[in-house]
Every structure is written in C-alpha cells, then in structure tokens.
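Peer 1: the amino acid sequence is not available; the structure is as follows:
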C-alpha cells in the first residue's frame with residue numbers, strides 16, 4: 001500500500017511540473033521575446049497637462065503680505081496730495097516750477113510737505129488723489145528740518161489726516177512704505193525697509209534744492225524704499241499706515257534714486273509743526289560749539305587711544321563760538337593740532353560726556369537731544385571732561401543766530 005501511494009504521488013508531481021512549465025517561459029525564452037510582444041504597459045508623461053490649482057489656503061498665506069500693503073495704500077492714499085509750486089528764481093526774476101508730495105495733517109486743512117518744495121513760491125497748487133485741485137497758502141517753513149506747512153480750504157470730508165508714529169521705536173529692518181508722486185506719477189507706492197537710523201543730513205544733499213548753509217538736520221531715517229523727484233514731502237509709513245517720516249532727499253549722482261533715501265523722523269515733525277502753524281517758524285536751541293568731522297574714524301571712540309583721552313565716547317570740542325551760551329558758561333575749545341593718520345586734528349578741548357544725565361557718544365546725538373528735548377531759555381547740565389578732571393557745568397541755551405559768530409579754538 002505504501003508503494004502504491006508513493007507512485008501516485010510521484011505521478012502527480014510530474015503532471016504539476018509539466019503544467020507549470022507550459023505557462024512560465026524560461027529566462028532564455030523571455031530574453032529572446034521582442035519588447036513589443038511583452039504584455040507590459042509603458043506610461044509616458046503628458047507635458048501639455050494643465051497643472052492643478054494650488055489650494056486656496058496656500059494662496060492666502062502667500063498673499064497675506066500683499067494684502068497688508070494694499071490695505072495701507074487704500075487707507076492712506078486719500079491723505080496724500082500732489083504739490084506744484086511756482087517758485088521765484090534767484091537770478092533773472094524768472095519762475096521755476098517745483099513738484100513734490102504732501103499729506104494731510106489735520107481737519108483744519110493743514111498739509112505737511114518739504115520746505116524746499118514750496119520755498120519762495122508765488123503760487124502753490126494742491127491736487128488730491130481724485131484730481132480735485134485747490135490753491136494753498138504757505139503757513140510756515142523750516143529749512144533746518146526741511147518741513148513746511150501749507151493750508152487749503154476744502155470741505156472737511158476731503159481731509160483724511162494721517163497719524164504720526166513714535167519714530168523713537170523705528171528699527172533698522174522694519175518695513176518702510178512711501179506714497180507720493182514720483183516724476184509726476186500720482187498715487188504711486190513703493191516699498192522697502194529702514195536701512196539706517198541717526199543719519200545727519202546737510203542741506204546741500206537735498207535734491208532739487210539749493211544749498212542752504214547752516215545747521216545740520218539730525219536723527220534722519222535712511223531707507224532703501226525707492227524715492228525719486230516728486231516724492232519729496234510725502235509720507236514714509238509703517239505696516240500700520242502710521243507716518244514714521246517725511247521723505248526729503250536721496251543721495252544720488254544722476255538725480256535718480258540709487259538705493260539710499262532719507263526721511264525726516266515723525267518725532268521731528270511732531271516737534272516743529274505746531275510752531276510752524278502758530279508762528280510760521282521754529283525757534284531752536286543753540287549752544288554755540290563746533291567739532292571736527294567725526295566720520296571716517298575721527299570720533300572720540302576711535303581717537304581715544306591715539307590721543308590718550310580719558311574717555312572713549314563723547315563730543316570733543318574744536319571751537320567755542322564767541323559770545324555763545326557755551327562761551328558764557330566757560331566751555332573751552334581745542335588748543336593744538338596733532339597729526340592723526342596723515343591728517344591734522346584739533347585736540348585739547350573739553351569733552352561733553354552727557355547732557356541732563358543722558359550720555360552722548362557724538363555730536364549728532366547732542367544736537368538731536370537739544371533739538372527734540374529743549375527750547376531757547378532752558379538751562380541744561382553738561383558733564384564735562386577737561387584733561388583729567390570731570391565736572392558738571394550748567395549752560396543756558398539761546399535761540400539759533402542767523403549769522404555765524406567768531407570762533408575760539410583751533411578754528412578761531
């Protein structure tokens with residue numbers, strides 16, 4: 001019986017192998033079979049296929065930044081105006097036309113712009129965003145800050161004032177949005193960032209303006225936001241639509257924006273505008289000192305070691321103006337020249353370290369404090385370093401003079 005079972009099993013195995021072999025080709029057979037005869041479907045990608053739309057949530061995230069900008073523009077643009085001023089020329093009694101921008105300050109019709117846009121203007125025309133045109137009168141201007149106030153008489157519903165931010169909280173890297181009329185193209189918006197703070201702007205650097213001798217404008221905001229002729233006097237805004245500055249100038253060699261623009265900070269605007277509205281001019285504090293140029297490594301911090309100074313920050317006086325508050329208080333200018341890196345440098349003068357307890361590292365910071373925190377007639381307390389002595393000195397400030405006084409010191 002066992003032998004019979006084994007035989008039957010062996011026969012069944014042979015039958016199974018034969019059946020399997022008839023359905024599964026050998027490797028040699030498969031290799032010799034033409035490709036077109038193989039039962040394989042080859043898929044080729046269709047390059048003309050239309051892409052599937054991205055989900056709306058992804059689009060919304062990508063466009064969120066632009067929605068902010070669009071919202072700022074829609075809310076702010078009604079306050080921004082185009083300004084044309086017929087200005088008297090200094091030669092030949094001719095007329096030049098100056099173009100700039102401005103923005104509504106209050107519902108009384110006051111508009112902020114640049115002083116160089118409307119200075120010496122015979123007639124000033126204001127065009128609102130909807131092409132409504134009115135003639136404006138000059139209320140006051142200040143060449144030091146390059147800020148002017150003009151006024152229009154229009155229905156109050158046309159006046160949409162912009163709010164002023166606190167420029168002390170402006171930081172490098174934050175968004176800076178300009179709305180204005182570059183090259184006469186009204187209601188134009190450009191976007192960049194704040195690229196520098198605490199700059200000092202000299203009047204000679206103002207585009208479309210003549211050199212205005214006198215005091216420098218401190219605490220200027222630098223931006224890479226595109227600014228071109230016609231933008232002057234327009235607002236520089238943050239992402240909330242608040243004014244952080246008034247665009248005023250560009251640094252250029254050909255009259256076209258090259259990546260460096262400047263704006264007067266909103267806190268300076270807040271300081272000067274009420275006086276311009278009330279009196280037509282701004283009365284600044286004057287102390288009556290001058291220093292050697294501090295740029296290019298000639299500030300106290302870089303000269304402390306070669307000059308063996310007792311401090312590494314402050315304002316090293318070159319000259320004291322004769323009859324000035326500084327002169328009356330007993331401040332002393334430099335008394336000798338030394339050679340520093342191939343240049344003659346004045347030394348030996350007093351070093352101002354702080355004013356009213358606030359430390360200052362350079363002249364710009366001192367001027368900024370006097371401009372923003374003081375008025376003529378105020379008495380400030382200076383911390384002075386003279387040689388190896390340190391002492392406090394009260395100084396009673398006066399109004400800025402219209403002419404330069406004689407100097408006592410290296411430049412006297």
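Peer 2: Yep, it's here. Just so you know, these numbers come straight off a predicted model, no measurement behind them.
Peer 1: in contact with residue 331, which residues?
Peer 2: The contact partners of residue 331, taken as C-beta atoms under 8 Å, 6 or more residues apart in numbering, are 289, 317, 320, 350, 382, 384, 393, 395. For the C-beta atoms, the positions are set from N, CA and C on the backbone; glycine is no exception.
Peer 1: contacting residues around the helix or strand encompassing the fifth one?
Peer 2: Residue 382 is part of strand 379-386 when elements are defined by DSSP states H and E. Judged by C-beta under 8 Å, 6+ apart, the contacts made with strand 379-386 from elsewhere in the structure are 310-311, 314, 329, 331-332, 350-357, 370, 374, 390-397.
Peer 1: centre of the chain to it, how far?
Peer 2: Once both centres are worked out by C-alpha atoms, centre = their mean, to the nearest Å, strand 379-386 turns out to sit 32 Å from its chain's centre.
Peer 1: for stretch 233-250, same thing?
Peer 2: Centre-to-centre, stretch 233-250 and its host chain are 8 Å apart (C-alpha atoms, centre = their mean).
Peer 1: how about it: buried residues?
Peer 2: 233-238, 241-250 (16 or more other C-beta atoms under 10 Å).
Peer 1: I'd assumed residue 174 was in contact with residue 238.
Peer 2: Yes: in terms of C-beta atoms under 8 Å, residue 238 counts as a neighbour of residue 174; the distance is 6.6 Å.
Peer 1: and stretch 176-191, what's buried?
Peer 2: Using 16+ other C-beta under 10 Å as the test for burial, stretch 176-191 gives 176-182, 186-191.
Peer 1: show me which of those residues is closest to residue 402.
Peer 2: Nearest to residue 402 out of the buried residues of stretch 176-191 is residue 180 (C-beta to C-beta; 32.3 Å).
Peer 1: for the closest one, which non-adjacent residue is closest in space?
Peer 2: Once flanking residues are discounted, residue 180 sits nearest to residue 234: 3.1 Å by C-beta to C-beta, 6 or more residues apart in numbering.
Peer 1: including secondary structure and distance to residue 342, could the contacts of residue 331 go into CSV?
Peer 2: Converted to CSV, these look like this (DSSP: H, G, I helix; E, B strand; the rest coil; distance: C-beta to C-beta, whole Å):
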residue, secondary structure, distance to residue 342
289, strand, 26
317, coil, 23
320, strand, 27
350, coil, 26
382, strand, 32
384, strand, 30
393, strand, 34
395, strand, 35
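Peer 1: any buried residues in the longest strand seen in the chain, and which?
Peer 2: In the chain, assigned by DSSP state E, the strand with the most residues is strand 188-201. Judged by neighbour count (16+ other C-beta under 10 Å), strand 188-201 contains these buried residues: 188, 189, 190, 191, 192, 194, 195, 199, 200, 201.
Peer 1: so can I have a markdown table of those showing pLDDT?
Peer 2: Converted to a markdown table, the buried residues of strand 188-201 look like this (pLDDT from 0 to 100):
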| residue | pLDDT |
| --- | --- |
| 188 | 89 |
| 189 | 91 |
| 190 | 92 |
| 191 | 93 |
| 192 | 93 |
| 194 | 93 |
| 195 | 91 |
| 199 | 79 |
| 200 | 73 |
| 201 | 69 |
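Peer 1: how near is the nearest residue to residue 336 once chain neighbours are set aside to residue 390?
Peer 2: Using C-beta to C-beta, 6+ apart and skipping residues adjacent in sequence, the residue nearest residue 336 is residue 348, 5.1 Å away. Counting by C-beta to C-beta, to the nearest Å, the gap from residue 348 to residue 390 is 16 Å.
Peer 1: neighbour count winner among the two?
Peer 2: The neighbour count for residue 348 versus residue 390, taken as other C-beta atoms under 10 Å, is higher for residue 348 (19 against 13).
Peer 1: okay, now the unreliable bits of the stretch 251-400 of the chain?
Peer 2: Within the stretch 251-400 of the chain, the ranges that satisfy pLDDT under 70 run 251-259, 296.
Peer 1: neighbouring contacts of the helix or strand harbouring residue 372?
Peer 2: Per DSSP H and E, residue 372 falls inside helix 363-373. With contact meaning C-beta under 8 Å, 6+ apart, helix 363-373 is reached by 198, 200, 215-216, 218-219, 267-268, 271, 284-285, 287, 291, 294, 315, 352, 355-356, 358, 360, 380, 397.
Peer 1: in strands only, show me the residues you listed.
Peer 2: Among those, the members found in strands (DSSP E) are 198, 200, 218, 219, 285, 315, 352, 355, 358, 380.
Peer 1: tell me how many other residues crowd the last one.
Peer 2: Think residue 380. As a burial measure, residue 380 scores 22 neighbours (other C-beta under 10 Å).
Peer 1: what bridges to it?
Peer 2: residue 395 (DSSP bridges).
Peer 1: that older thread, what is the nearest of the contacts of residue 331 to residue 123?
Peer 2: Proximity of the contacts of residue 331 to residue 123 (C-beta to C-beta) peaks at residue 289, which lies at 41.2 Å.
Peer 1: what sits against the closest one?
Peer 2: Residue 289 touches 315, 317, 319, 320, 321, 324, 326, 331, 333, 352, counting by C-beta under 8 Å, 6+ apart.
Peer 1: hey, what's it bridged with?
Peer 2: Under the criterion used (DSSP bridges), residue 289 bridges to residue 320.
Peer 1: now it: how far from residue 51?
Peer 2: Relative to residue 51, residue 289 is positioned 68 Å away (criterion: C-beta to C-beta).
Peer 1: got it, and residue 262?
Peer 2: Separation of residue 262 from residue 51 (C-beta to C-beta): 45 Å.
Peer 1: between the two, who's got more neighbours?
Peer 2: Taking neighbours as other C-beta under 10 Å, residue 262 and residue 51 compare with residue 262 leading, 26 against 5.
Peer 1: which of the helices or strands spans that one?
Peer 2: Assigned by DSSP H and E, residue 262 belongs to strand 261-265.
Peer 1: repeat that for residue 65.
Peer 2: Residue 65 belongs to helix 56-76, assigned by DSSP H and E.
Peer 1: output the contacting helices and strands for that helix.
Peer 2: strand 175-180, strand 188-201, strand 235-237 (3 or more C-beta pairs under 8 Å, 6 or more residues apart in numbering; DSSP states H and E).
Peer 1: report the angle between that helix and strand 175-180.
Peer 2: Angle of helix 56-76 versus strand 175-180, following axes from the mean of the first three to the mean of the last three C-alpha atoms, to 10 degrees, is 50 degrees.
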